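# Test case, fold it:
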Amino acid sequence: MKHCKKATAVFMCLALSFSCNMSSAHSGRTDSSGGHHDYKNVSGLGDYHYHCGGNPPHLHKNGVCPYSSSAKASTFSSSKKVSKYYKASTVKKVQKKLNKLGYKCGTADGIYGTKTKNAIKDFQRDEGMTVNGEIKKALIRKLKINI
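Purely as a prediction, here's the structure:
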């Protein structure tokens, strides 16, 4: 009898969980872009939307997925003014100089990423500078770079 009650409780929990998950999802095939029709507008986004990468229903403004890394990068650069120290041309000069000095920051591609930040921190530590991994005037001077 104990086992029967336990099994019934487990079954009820699973059934409830399944029905809750189904209420927020909907069936349907997606096209090659990961989008599909939603004629009843269940999502509230109109009659067509996307689920790229398992993300919630969304639209692609100007054909760009808001969940893609390129969309995030372009949103960041267009919504915020980039400091002259973080412009691609400056970052590339810093990377070239650090690589030349033996601080491996990868390919000099002008992208301020983890490798570049760590290389800057190592250089700053070795030079007795404030260790923050940031590209600022003091770092540019110490590296003897013209921007």
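
# Would you mark the buried spots in stretch 111-121?
112, 115-116, 119-121 (16 or more other CB atoms under 10 Å). Backbone N, C-alpha and C define where each C-beta goes, glycine included.

# Go ahead and name everything in contact with stretch 137-147.
Identification of contacts with stretch 137-147 by CB atoms under 8 Å, 6 or more residues apart in numbering yields 84-85, 89-90, 93-94, 97-98, 120, 123-124, 127, 129-130.

# got any ranges where this structure has weak pLDDT?
The model of the chain has pLDDT under 70 over residues 1-34, 36-55, 60-63, 66-81.

# Narrow the contacts of stretch 137-147 to just the buried residues.
Going by neighbour count (16+ other CB under 10 Å), the contacts of stretch 137-147 have 85, 90, 93-94, 97-98, 120, 123-124 buried.

# Using TSV, lay out the residues you listed together with distance to Lys144 and secondary structure.
Shown next, in TSV, are those (distance: CB to CB, whole Å; DSSP: H, G, I helix; E, B strand; the rest coil):
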residue	distance to Lys144	secondary structure
Tyr85	15	helix
Thr90	14	helix
Lys93	10	helix
Val94	11	helix
Lys97	8	helix
Leu98	12	helix
Ile120	15	helix
Phe123	12	helix
Gln124	15	helix
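
# so which of the buried residues of stretch 111-121 comes closest to Gly102?
Ala119 (9.5 Å; CB to CB).

# shouldn't that closest one be in contact with Gly102?
No - at 9.5 Å, Ala119 does not count as touching Gly102 under the criterion of CB atoms under 8 Å.

# Now distance to Arg141 too, for the contacts of stretch 137-147, in a markdown table please.
Shown next, in a markdown table, are the contacts of stretch 137-147 (distance: CB to CB, whole Å):
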| residue | distance to Arg141 |
| --- | --- |
| Lys84 | 14 |
| Tyr85 | 12 |
| Ser89 | 17 |
| Thr90 | 13 |
| Lys93 | 13 |
| Val94 | 12 |
| Lys97 | 12 |
| Leu98 | 14 |
| Ile120 | 14 |
| Phe123 | 13 |
| Gln124 | 12 |
| Glu127 | 11 |
| Met129 | 10 |
| Thr130 | 13 |
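
# And the furthest pair within these?
Ser89 and Thr130 (24.3 Å).

# nearest residue to Gln124 other than its sequence neighbours?
Val131 (4.7 Å; CB to CB, 6 or more residues apart in numbering).
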